[in-house]
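>>> predicted coordinates and the sequence they were generated for:
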Amino acid sequence: MNTITLAGPSSEINDLALRTGLISGPRRASYMFEILRANAGGYFWRLKGANGETLCHSEVYTSKQSAQAGVDAAKRVAPLAQVHDRT
């Protein structure tokens, strides 16, 4: 299971931005997925905004390949995800 946890203010990221890593507008900026080692072992990924702020991160995976598969899954399903306001 791939878990995406939001951190900080939410941003709208469209399908093109996720596929290319670029957003459109007066200034073009890059989003970036990073794969990192977890302190307790394993790997996780995080999505960072153009300003360097972490937008979301994953669970800890046992292998780097699984973390990469999580990135691929997030890129594939995020544009289709609905927002459910549970407040």
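The structure has been received and is ready for your questions.
>>> now do the helices in this protein.
15-20, 64-77 (DSSP state H).
>>> count the neighbours of D72 for me.
As a burial measure, D72 scores 13 neighbours (other Cβ atoms under 10 Å). (C-beta placed from N, C-alpha, C; glycine too.)
>>> switch to numbering from 36
I'll keep to 36 as the first residue from here, and by that count the last item is D107.
>>> need the pLDDT of it.
For D107, the model assigns a pLDDT of 96.
>>> just G84 next, same as before
For G84, the model assigns a pLDDT of 94.
>>> let me know how buried it is, in neighbour terms.
Counted by other Cβ under 10 Å, the residues lying close to G84 total 17.
>>> that one contacts Y66, doesn't it?
Yes: at 6.1 Å, G84 counts as touching Y66 under the criterion of Cβ atoms under 8 Å.
>>> joint contacts of those two?
Common neighbours of G84 and Y66 are listed as L90 (criterion: Cβ atoms under 8 Å, 6 or more residues apart in numbering).
>>> quick one: the strands in the chain, in order.
Under the criterion DSSP state E, the chain contains strands at 40-41, 57-58, 64-65, 67-72, 78-83, 89-92.
>>> same for the fourth one, what does it pack against?
Put plainly, it is strand 67-72. Applying 3 or more Cβ pairs under 8 Å, 6 or more residues apart in numbering; DSSP states H and E, one finds that strand 67-72 contacts strand 78-83, helix 99-112.
>>> wait, isn't K83 in contact with L90?
Yes: K83 lies in contact with L90 (Cβ under 8 Å); the separation is 6.6 Å.
>>> who's more crowded, those two?
Taking neighbours as other Cβ under 10 Å, K83 and L90 compare with L90 leading, 20 against 16.
>>> okay, now R111: neighbour count?
Going by other Cβ under 10 Å, the residues that sit close to R111 add up to 12.
>>> relative to V118, which of the helices of the chain is closest?
When those are compared by Cβ to Cβ, helix 99-112 sits nearest V118, at 13.5 Å.
>>> hang on, the earlier thing: and the helices of the chain, which one's lowest on average pLDDT?
helix 50-55 (a mean of 52).
>>> I'd like to know which of the strands of the chain lies nearest to R121.
That would be strand 40-41 among the strands of the chain, by Cβ to Cβ, at 12.6 Å.
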